[in-house]
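Student: okay, here's the prediction I keep looking at, along with the sequence it came from:
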Amino acid sequence: MGNEDKSLKTGFQVLTVISTLLIFGGATWLAKEQMGGRIREQVLARYAQELYAISLVHQVTMAESGEILFLEDVADQLSVYGAVAELSGALGVRLYMPDGGFLISSPENISDGALSADQLHSAGLFAPSGGLNKATPAGKLFWEPLLEGVSAEEPLAVREVVLPVHVADEDDLLGVAQFLFDGADAIADIAELDGDLFRQSLFIFTVGGGVIALLLSISFMRINRIHRSLARRTFALKRANQELALSDRTSAVGGVASHLIHGLRNPLAGLRAYLDGDQAGSGDLSTAKTAAKRMEGMIDNIVRTLGENASGVVYELSVEELLEVFRLRLEPIAVGQGVRLEVSGAGGRELDNREGNLVLLVLENLTQNAIEACEQAGRVMVRAGESGGVTVFDVSDTGKGLPERVKGSLFQPGHTSKEQGSGLGLAISGQLAASMGAELVLTKSDENGTTFRLTLTKRNS
């Protein structure tokens, strides 16, 4: 799957490079065509300007030589512009009236013609214009009887130059002259310029395309490197998340097992004392039975908790339901120790069964410690409620409080205030609280008693 994704990504990148080069090539070709069109217009305009200047100079030259010219006369126009046609090597010239009507042509084998609207408009502005037709039928240029062996359908390349007819330094349009030239020279000039332009465009495309391909390749290499780095980090994060989730579940299961081991310690000690006694009285037998029943109940609770955790069964229970289960478990123990257990509370958010089981284990640990800390006729209070928008459980007793030497290390294994204590009870409770993201703290401890608070985290909506 990874190789397929990689090949797809590589194919996409190659397609991106090719598409970019095609777009760049298309833009270069379009620019080349537009510039070629402008060059063609400039070449033809240059021919027209040159011939216009020649016609004006020739007109002035004839006037200075003493020839009397009346350009209003068609004959004089033909004399001037026919001579210009011979000097410039034109095939011939046509003369038109200012409104575009055909007058006469020279030499006489040049056929009648007509001006386009653009040509007539330019002439009216006293602006010379030029055009090029690469395939004009010979019959449109020459009278058929005078073709001199040239077929009427044979295509000829013809360059046209249209000039306004007027007296030099005057702006009165007297007519329009249309010169016809062999277009081969113009075609050759334009082809040469097009060739230069094509080579320059090809050079620009080659260099520009190479730069674009190089930059895109470098960019894709960097993107791929970043992608691989992100993929590695994502994999590492997923793996770390899995490990954390496994660690969380393992921590919870370990805490439950530790709770069971710690809880069984006292009943086992009592049962062993009974079994090791030389003479077992009825009172000792009752104590042994109570211890055995207590161990059986603890094992049943732990087995059920671990079974639910492993099976993935999820259900909700309220704080009131949780406290009722807690009271049924702990009240017999409190009564056996001569301690009054008070359980109260309402409100708070719903708990799922995994969280509820862990809360029960923490409350059982704290309450058993509180019962042991109380003297006869002492009192243990377990209250639940809300504080600052979160669910809290307080376990208080009327004992003599904790010694100062153990307050700073309450939740560390091995620290205890009991003569025969293992120092594991509060450490296990702290581990269980941490496994579900809760917080267990000592809020009060003095000569009037001790209070622990378990604060649950808010549930994400």
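Tutor: Nice, I can see it. This is a predicted model, so every value here is computed, not measured.

Student: contacts for stretch 33-45, please.
Tutor: Judged by Cβ atoms under 8 Å, 6 or more residues apart in numbering, the contacts made with stretch 33-45 from elsewhere in the structure are Pro128, Ser129, Gly130, Gly131, Leu132, Arg159, Ala186, Asp189, Ile190, Leu193, Asp194, Leu197. In this view, the C-beta of every residue, glycine as well, is placed from N, C-alpha and C.

Student: could you redo the last one with a cut-off of 10 Å?
Tutor: With Cβ atoms under 10 Å, 6 or more residues apart in numbering as the test, stretch 33-45 has contacts from 127-132, 159-161, 183, 186-187, 189-190, 193-194, 196-198, 200-201.

Student: return the subset of these lying in helices.
Tutor: Using DSSP state H, the subset of the contacts of stretch 33-45 located in helices is Ala186, Ile187, Asp189, Ile190, Leu193, Asp194, Asp196, Leu197, Phe198, Gln200, Ser201.

Student: quick revisit: of the contacts of stretch 33-45, grab the buried ones for ChimeraX.
Tutor: Under the burial definition 16 or more other Cβ atoms under 10 Å, those of the contacts of stretch 33-45 that qualify are selected in ChimeraX by:
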select :128,129,130,131,132,159,160,161,183,186,189,190,193,194,197,201
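
Student: give me the neighbour count for Thr367.
Tutor: Burial of Thr367 is recorded as 26 neighbouring residues (other Cβ atoms under 10 Å).

Student: also Lys32?
Tutor: 18.

Student: report the secondary structure state of it.
Tutor: Reducing the assignment to helix, strand or coil with DSSP: H, G, I helix; E, B strand; the rest coil, the entry for Lys32 is helix.

Student: domains of this protein?
Tutor: The chain is divided into the following domains under automatic domain parsing: 2-182, 314-455.

Student: tell me the most buried of those?
Tutor: Comparing these by mean neighbour count (mean count of other Cβ atoms under 10 Å), domain 314-455 comes out on top with a mean of 18.

Student: report the separation between the two terminal residues of that one.
Tutor: Counting by Cα to Cα, to the nearest Å, the length from the leading to the trailing residue of domain 314-455 is 22 Å.

Student: how about the contacts made by Ala384?
Tutor: By Cβ under 10 Å, 6+ apart, the contact list for Ala384 reads 319-320, 322-323, 326, 343-348, 359, 363, 391-394, 454, 456.

Student: which of those residues fall in helices?
Tutor: Secondary structure assignment (DSSP H) places Val319, Glu320, Leu322, Leu323, Phe326, Val359, Leu363 from these within helices.

Student: distance to Ala123 and pLDDT added to these, as a markdown table?
Tutor: A markdown table is the format used below for the ones in helices among the contacts of Ala384 (distance: Cβ to Cβ, whole Å; pLDDT from 0 to 100):
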| residue | distance to Ala123 | pLDDT |
| --- | --- | --- |
| Val319 | 103 | 88 |
| Glu320 | 106 | 90 |
| Leu322 | 105 | 89 |
| Leu323 | 109 | 91 |
| Phe326 | 111 | 91 |
| Val359 | 103 | 90 |
| Leu363 | 109 | 92 |
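
Student: with distance to Phe142 added, can I get the residues you listed in TSV?
Tutor: Below are those laid out as TSV (distance: Cβ to Cβ, whole Å):
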residue	distance to Phe142
Val319	113
Glu320	116
Leu322	115
Leu323	119
Phe326	121
Val359	113
Leu363	119
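
Student: which of the ones in helices among the contacts of stretch 33-45 lies closest to Gly385?
Tutor: When the ones in helices among the contacts of stretch 33-45 are compared for distance to Gly385, the smallest value, 82.6 Å, is given by Ser201; criterion: Cβ to Cβ.

Student: once you drop chain neighbours, what's closest to the closest one?
Tutor: Of all residues not flanking Ser201 in the chain, Lys32 sits nearest, at 4.2 Å (Cβ to Cβ, 6 or more residues apart in numbering).
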